[in-house]
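[1] Predicted model and sequence below, questions to follow.
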Amino acid sequence: MEFYDVVNARRTIRDFKDEPIDMEAIKRIIAAGMKAPTNDHMRDWHFVVVNDKAVVRKLINKIPKKVSDKRLEFIIKSWKLEDECQQKSYYDAIPKQYQMLLNAGCVIIPVFKQEWDLLQPKDLSALNRFASIWCCIENIFLAATAENYGYTLRIPLGNEQEYVKSVLNFPDEYIMPCYIGIGKIAEDAVYPEQKAYVLDDRIHMNGWK
């Protein structure tokens, strides 16, 4: 796929065929992630790849398997999701958090070393490593798209990060920014509507005008 075709095709997918995927493709996808810019030139990123379903089930055990309609409505309201397009995306996404990772061909846990408290940074520079890992993750999303796979992600909530660390045994000084699921896209997969915008309204030449 040409670069702009990949960018335009990229979508977060939450419906997968429950089938294995080629680990050589996963290596290429992670290699693309490692090409991302990094704040200190060291690329101190590691990736735990889980394709054993028993380990995946243990890994995602803290994620709710089902979300009631009442709970879903509460979340939408408490998060103040008022835009209709945004609401549709979350109504689809929230109930699928467990199943999307279970059905993915593999789950990747990226980790990066963080020296300072991520939630209480002394300045923006203290977040450089966090910013860099997300550049890496975006490359992974684009590479998965180029390989004709779907991807999904979940940001860990509550004590999920500590639990995942206990399952996978990665070092204490490393932080997990998200779960990434990669897999074959189901035939009936839902493609969330993208929020419409006018590009010229978002570009401000030589100042905010």
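    Thanks, I have it.

[2] What is the helix or strand hosting residue 165 packed up against?
    Applying DSSP states H and E as the criterion places residue 165 in helix 160-168. Here helix 160-168 touches helix 53-59, going by 3 or more CB pairs under 8 Å, 6 or more residues apart in numbering; DSSP states H and E. No exception for glycine: its C-beta is placed from N, CA and C like everyone else's.

[3] Now the helix or strand following the helix it packs on: buried residues?
    Later in the chain than helix 53-59, the nearest helix or strand by DSSP H and E is helix 69-78. Neighbour counts over helix 69-78 (16 or more other CB atoms under 10 Å) mark residue 76 as buried.

[4] Grab the longest strand from the protein for me.
    Scanning the chain for the strand with the most residues, using DSSP state E, yields strand 106-113.

[5] Give me the contacts around it.
    Strand 106-113 has contacts (CB atoms under 8 Å, 6 or more residues apart in numbering) with 20-21, 23, 26, 30, 33, 44-51, 56, 59-60, 101, 129-130, 132-133, 136-137, 140, 164, 168, 170, 173-183.

[6] where does the chain have low pLDDT?
    Within the chain, no range satisfies pLDDT under 70.

[7] Identify the residue spatially nearest to the residue nearest the centre of it, adjacent ones excluded.
    Residue closest to the average C-alpha location in the chain (CA atoms, centre = their mean): residue 153, at 2.8 Å. Nearest residue to residue 153, sequence neighbours excluded (CB to CB, 6 or more residues apart in numbering): residue 178, at 4.8 Å.
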